[in-house]
Structure formats: C-alpha cells, structure tokens
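Peer 1: Fold the following.
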Amino acid sequence: YRRLVEILPDAVGMMDLQGRLTTANRQAVEMLGYADPGELLGKSAFDLTPPEEHERMKADTTITLATGVVRNAEYTMLRKNGSRFPVELSAAASTDADGQSRGIVIVVRDITARQQAQARIRELLHILDQAHDAIIIHDLEGRIHYFNKGAERILGWTADEVRGRCTADLFFKDTSAFAVTQEKLLQAGEWAGELPILTKACQPRIVHSRWTLVRGERDQSAHVVCINTDITESKRAEDALRQSQERYRTLAESSPDAIFILDRRSTIQYVNSVAMQWLGKADTELIGRSPAEFFPPEIIRHQQENL
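Peer 2: Numbers count the residues shown, from 1 in each chain. Predicted coordinates for the structure are as follows:
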C-alpha cells in the first residue's frame with residue numbers, strides 16, 4: 001500500500017481526527033514546497049489553506065466522517081512560501097477493525113494547468129463569440145457541442161436550446177444535404193461550399209460554409225468545426241441584378257435599332273442582334289474590339305464629342 005501511494009501522481013496524506021497530517025507521500029511534500037515529510041507532518045488542514053477556506057474545510061470534514069467520502073472538491077491551498085494554488089481534493093474516512101473512524105485519507109491534485117487551459121478556452125470562446133459568422137462545432141453524429149453568438153444571431157436559436165441536438169434536424173429541410181456534405185468531409189478532411197439552411201423561424205438562408213474535421217487525440221472523439229457566412233442578401237442582390245440584366249437584354253433584343261454597349265475604354269461589351277445583322281458579324285467578332293474598327297472616322301469623332 002505504501003509503495004502504491006508513493007508512485008501515484010497525486011499528493012496523498014492521512015489526517016487524524018484533530019485534522020493534523022500524520023503521513024504524506026513524496027508528491028505531497030513537493031507540491032506544497034517542503035524539503036521533507038518531517039517539515040509537513042503535524043500541520044493541520046488550516047495551516048495549509050487560506051482563512052477563507054476554513055469554514056468549508058470544517059464542513060467537508062464533517063461530511064467525510066458522516067458519509068465516508070467527499071469527491072472532487074476544489075480548494076485553494078498554500079505552499080510553504082505562502083503562494084496559493086488551486087487543487088481538486090477527494091477524501092475518504094479511514095476506520096479501524098471495529099469500524100471506528102481513525103482519520104481521513106486525502107488525495108489532492110494540483111489543477112493549476114487545468115484552470116489555465118480552461119481560462120485559455122474561455123478566452124478563445126469569447127473571441128469566437130465576437131465573430132459575425134455562425135461557428136458551430138458538432139460531433140460526427142451531428143450533435144452540437146458549441147454554438148457561438150454569431151450562430152445565435154443568424155439562426156435564431158440560443159446555444160442552450162441547440163446543445164446536444166442534431167444539426168441536420170435543426171437547420172436542414174433536406175437532411176440528405178447534411179449527409180452528403182458529411183461524407184465529402186470524411187473523405188477529404190475539409191469541405192467548402194454553399195448550403196441552404198433554415199432558421200428557428202423556418203426562414204430560408206444561404207450560407208457559404210467551411211467544414212473542417214478535427215480528429216480526436218487518444219480517447220477523444222472527432223469533431224467538425226463549421227464556419228458559416230450568411231450570404232443570403234448578396235445572393236438576393238445577385239439574383240436581382242441578373243433578372244435586371246435579363247430584362248434589359250430582352251428589351252435590347254426586341255428593339256428595331258442597333259444597340260452597342262461600350263466600357264470606359266470604348267471597347268464593345270454588348271451588341272444586339274440588329275447590330276450584328278447591320279455589321280454582318282457575330283457577337284464574338286465584335287465584343288472586346290473598338291468601334292473604330294467598324295465605323296468611319298467621322299462617326300467615331302461624333303461619338304466622342306457627345307460622350
């Protein structure tokens with residue numbers, strides 16, 4: 001048992017019923033900044049924690065003796081030099097052969113690195129929340145794990161409403177579109193393209209979506225990071241422009257007059273069928289060329305004077 005305690009990565013100690021350390025492994029000595037166990041033994045739990053933790057320490061000691069165990073309680077502890085650090089503490093009552101309590105076994109883990117990592121994650125998530133794009137992270141089954149503020153704004157759902165729910169069911173009218181995209185992602189590791197999606201109010205939107213497969217390390221599962229830019233309004237503007245151009249082309253083609261459209265460099269960009277018949281050339285022979293190649297100089301001068 002003693003050898004097992006010594007090879008554990010966590011600090012392990014035994015406290016008597018008066019709350020004083022009677023044993024401590026090497027990891028406990030090093031974690032708390034002492035030179036050897038002799039310096040540490042005999043100290044009370046109150047010597048090793050700041051004053052604001054003492055009442056909770058008393059309460060958890062009472063709970064441990066009454067129920068037999070306390071798990072994963074987070075505390076602030078003090079090193080020998082007075083510096084503070086966060087720990088995760090579990091405790092179990094130790095009894096003698098008659099079942100009488102003789103102390104408490106304590107296992108302590110320094111969670112400084114964990115809290116720093118969590119702080120970095122919170123900072124990153126805060127940055128992601130500032131993005132205008134909808135950023136969604138889901139697992140390979142489509143269950144949502146992260147949903148940023150941009151996604152809330154564009155799609156109308158809150159992060160709490162969608163967490164754990166399936167992307168395909170929430171945002172796709174045709175779930176096969178999700179399945180096809182997922183299959184391409186698994187083959188290539190990434191995918192980008194336009195997707196029609198639905199908001200919470202069942203309003204259609206169009207997004208330019210970039211999916212990246214993030215493979216898990218060790219026992220972690222893979223996840224998909226989706227960054228979606230709402231292009232609904234730009235697509236509507238493109239459609240409106242295209243319709244306008246089609247209407248203009250229809251009017252131009254029905255005109256009895258020859259119509260030429262020139263750019264700022266006086267290069268032909270469009271000719272209607274009357275103009276092609278008049279010059280006896282196809283549009284491919286005219287577009288990109290100068291009118292000076294087909295018209296007398298006096299007409300060109302007149303055109304330039306009236307520009």
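Peer 1: Kindly state the beta-bridge partners for Trp211.
Peer 2: Trp191, Cys226 (DSSP bridges).
Peer 1: count of neighbours near it?
Peer 2: 22 (other CB atoms under 10 Å). The way it works is simple: take the backbone N, C-alpha and C, and place the C-beta from them, glycine included.
Peer 1: What distance do you get for it to Thr22?
Peer 2: 57 Å (CB to CB, to the nearest Å).
Peer 1: and if you look at Phe147?
Peer 2: 50 Å.
Peer 1: Report the secondary structure state of Ala28.
Peer 2: Under DSSP: H, G, I helix; E, B strand; the rest coil, Ala28 falls in the helix class.
Peer 1: Return the distance of stretch 28-35 from the chain's centre.
Peer 2: Centre-to-centre, stretch 28-35 and its host chain are 39 Å apart (CA atoms, centre = their mean, to the nearest Å).
Peer 1: For it, what does the pLDDT average out to?
Peer 2: The pLDDT scores in stretch 28-35 average 93.
Peer 1: Please apply the same query to stretch 225-234.
Peer 2: The model assigns stretch 225-234 a mean pLDDT of 93.
Peer 1: host element of the nearest residue to His208 once chain neighbours are set aside?
Peer 2: Nearest residue to His208 in three dimensions, chain neighbours excluded: Thr229, at 4.6 Å (CB to CB, 6 or more residues apart in numbering). In this structure, Thr229 is located in strand 223-230 according to DSSP states H and E.
Peer 1: What is that strand packed up against?
Peer 2: strand 134-139, helix 149-155, strand 204-214 (3 or more CB pairs under 8 Å, 6 or more residues apart in numbering; DSSP states H and E).
Peer 1: do that again at 6 Å, thanks
Peer 2: strand 134-139, strand 204-214 (3 or more CB pairs under 6 Å, 6 or more residues apart in numbering; DSSP states H and E).
Peer 1: Kindly format the C-alpha coordinates of that strand as PDB.
Peer 2: Output of strand 223-230 as PDB, limited to C-alpha atoms (Å, rounded to 0.1, in the frame of the first residue of the first chain):
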ATOM      1  CA  HIS A 223     -15.400  16.800 -34.100                       C
ATOM      2  CA  VAL A 224     -16.400  19.000 -37.000                       C
ATOM      3  CA  VAL A 225     -15.800  22.800 -37.000                       C
ATOM      4  CA  CYS A 226     -18.300  24.600 -39.200                       C
ATOM      5  CA  ILE A 227     -17.800  28.300 -40.100                       C
ATOM      6  CA  ASN A 228     -20.800  29.700 -41.900                       C
ATOM      7  CA  THR A 229     -21.000  33.200 -43.600                       C
ATOM      8  CA  ASP A 230     -24.600  34.400 -44.300                       C
END
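Peer 1: just checking, next helix/strand downstream of that strand?
Peer 2: That would be, after strand 223-230 and using DSSP H and E, helix 232-254.
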